[in-house]
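Asker: Model the following, please.
(one chain, ligands or ions: 3)
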Amino acid sequence: MDKLRRTMLFMPGNNPSMLQDAAILGADSIILDLEDAVSLTEKDSARILVREAIKTIDYSQVEVVVRVNPLDTEFGALDVDMIARVKPDTLLIPKADEEEIKLVAKMLDAIEQEEGYKAESIKIMPLVETAIGLENVYNIIKASKRVVGVLLGGEDLTSDLGIKRTKEGEEIFYARNRVATACRALKVDSLDTPFTDTNDYEGLERDTAKAKSLGLTGKAAINPRQIDVIHSVFAPTEAELKHALRILAAMKEAEKEGKGVFSLDGKMVDAPVINRAITTVGLGQRLGLIS
Ligand SMILES: CC(=O)SCCNC(=O)CCNC(=O)[C@H](O)C(C)(C)COP(=O)(O)OP(=O)(O)OC[C@H]1O[C@@H](n2cnc3c(N)ncnc32)[C@H](O)[C@@H]1OP(=O)(O)O
Ligand SMILES: O=C([O-])CC(=O)C(=O)O
Ligand SMILES: [Mg+2]
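Answerer: Ligands and ions are numbered 1, 2, ... in the order given. Predicted coordinates:
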């Protein structure tokens, strides 16, 4: 079954204690950062630290993602080369564009062959956070079969657009819609930008619910205290599960009577409603909320 990516926890790649404890914090994925959380003077030491961490620490079932530097900087190609050789699960490519994804995929083809790794075993996640990247997100995803999802970067995107980033997030409404739709069309995950006030849990919950309502499938986190809130938003509620199960039970009855459409509590139920109920029940089962 595909990997569940409700939360992806960012941490600076130059922080040994965070790298050490990362597997036990409960995030579905961890992102070991070599880009914006690492200062220019620490780039080389962080790359080595992250390489050693991947080689020596057992991250168990947690997806290990490394955010490399953009390939048009002096660090990007070195990051890809050194990190891919210790086989992380996924590389996160910041300020992504189509050509860059193709180039990374080509580098990975060669490294996997040299190291004797299975072809296309290292995945790619583009970080879409520029106006040009957003407008081209569909082609960015199509640029390589390795792409498993897109992360929307709200801070850089709004900076590129020359607009303010707010807690309410109206300014990234279009970006969320656009990323969610392109990802859904191409059957990959879509991850929302992190909520940067680590003490505002209500704000985090509202922001996560907004992202979910627009079709995004998970959210990045910057602090372990954010993980439970995000997971609870992305889990179906007890009421949603009950309702979905009732729809499926009613569907069985309707099928016996040869009906494709029927009414439950005065509301029409037809194929899309049934499909949504199947998705809800499937997620509930995956999360162990129902048997
Ligand atoms: C726009 C972007 O590019 S976002 C991506 C780049 N940004 C990042 O990676 C930032 C990641 N987050 C952090 O560095 C920190 O959480 C900060 C700076 C935001 C807040 O730091 P603090 O106030 O010290 O956090 P807090 O007090 O909650 O830390 C509690 C514990 O959690 C640990 N922790 C905090 N954040 C993280 C994290 N992201 N990953 C792993 N462990 C973490 C701390 O090390 C501390 O551990 P300890 O109790 O063993 O000492
Ligand atoms: O992945 C993210 O959302 C963090 C980031 O780089 C940004 O917002 O610019
Ligand atoms: Mg960014």
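Asker: Would you mind listing what in the stretch 151-291 of the chain touches ligand 2?
Answerer: Selection of the stretch 151-291 of the chain residues close to ligand 2 by C-beta under 6 Å from any ligand atom yields 151, 153, 154, 155, 156, 193, 194, 220. Every residue, glycine included, has its C-beta placed from N, CA and C.
Asker: Can you add secondary structure and pLDDT and give the residues you listed back as JSON lines?
Answerer: Rendered in JSON lines, the data for those read as follows (DSSP: H, G, I helix; E, B strand; the rest coil; pLDDT from 0 to 100):
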{"residue": "151", "secondary structure": "strand", "pLDDT": "98"}
{"residue": "153", "secondary structure": "coil", "pLDDT": "98"}
{"residue": "154", "secondary structure": "helix", "pLDDT": "98"}
{"residue": "155", "secondary structure": "helix", "pLDDT": "98"}
{"residue": "156", "secondary structure": "helix", "pLDDT": "98"}
{"residue": "193", "secondary structure": "coil", "pLDDT": "98"}
{"residue": "194", "secondary structure": "coil", "pLDDT": "98"}
{"residue": "220", "secondary structure": "strand", "pLDDT": "98"}
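Asker: From these, keep the buried residues only.
Answerer: Among those, the ones that count as buried by 16 or more other C-beta atoms under 10 Å are 151, 153, 154, 156, 193, 194, 220.
Asker: wait, what's in contact with the last one?
Answerer: Right, residue 220. By C-beta atoms under 8 Å, 6 or more residues apart in numbering, residue 220 lies in contact with 7, 8, 9, 10, 31, 151, 191, 192, 193, 194.
Asker: And the fourth one, its phi and psi?
Answerer: With angles defined as degrees, to the nearest 10, residue 10 sits at phi -80, psi 140.
Asker: which stretches of the stretch 101-250 of the chain form strands?
Answerer: Counting by DSSP state E, counting those that start in this stretch, the stretch 101-250 of the chain has strands at residues 123-128, 149-152, 189-192, 218-221.
Asker: residues from the stretch 151-291 of the chain in reach of ligand 3?
Answerer: Applying C-beta under 5 Å from the ion, one finds that the stretch 151-291 of the chain approaches ligand 3 through 153, 156.
Asker: typo on my end, it should be the stretch 1-150 of the chain
Answerer: Proximity of the stretch 1-150 of the chain to ligand 3, by C-beta under 5 Å from the ion, involves residues residue 129.
Asker: 6 Å instead, please
Answerer: When proximity is defined as C-beta under 6 Å from the ion, the stretch 1-150 of the chain approaches ligand 3 at 36, 94, 129.
Asker: For the last one, which non-adjacent residue is spatially closest?
Answerer: Computed as C-beta to C-beta, 6 or more residues apart in numbering, the closest residue to residue 129 that is not its neighbour in sequence is residue 153, at 2.9 Å.
Asker: Surely that neighbour touches residue 127?
Answerer: Yes - with the criterion set as C-beta atoms under 8 Å, residue 153 and residue 127 qualify as a contacting pair; they are 5.1 Å apart.
Asker: what do the two both touch?
Answerer: Among the neighbours of residue 153, those also in contact with residue 127 (C-beta under 8 Å, 6+ apart) are residue 94.
Asker: can I assume residue 30 is in contact with residue 13?
Answerer: No - Residue 30 lies out of contact with residue 13 (C-beta under 8 Å); the separation is 10.8 Å.
Asker: which one of those two has more residues nearby?
Answerer: Legend: neighbour count by other C-beta atoms under 10 Å for residue 30 and residue 13, higher for residue 13 (30 against 24).
Asker: Distance check, the more buried one against ligand 2.
Answerer: With the distance defined as C-beta to the nearest ligand atom, to the nearest Å, residue 13 ends up 14 Å from ligand 2.
Asker: Good, we can wrap up now.
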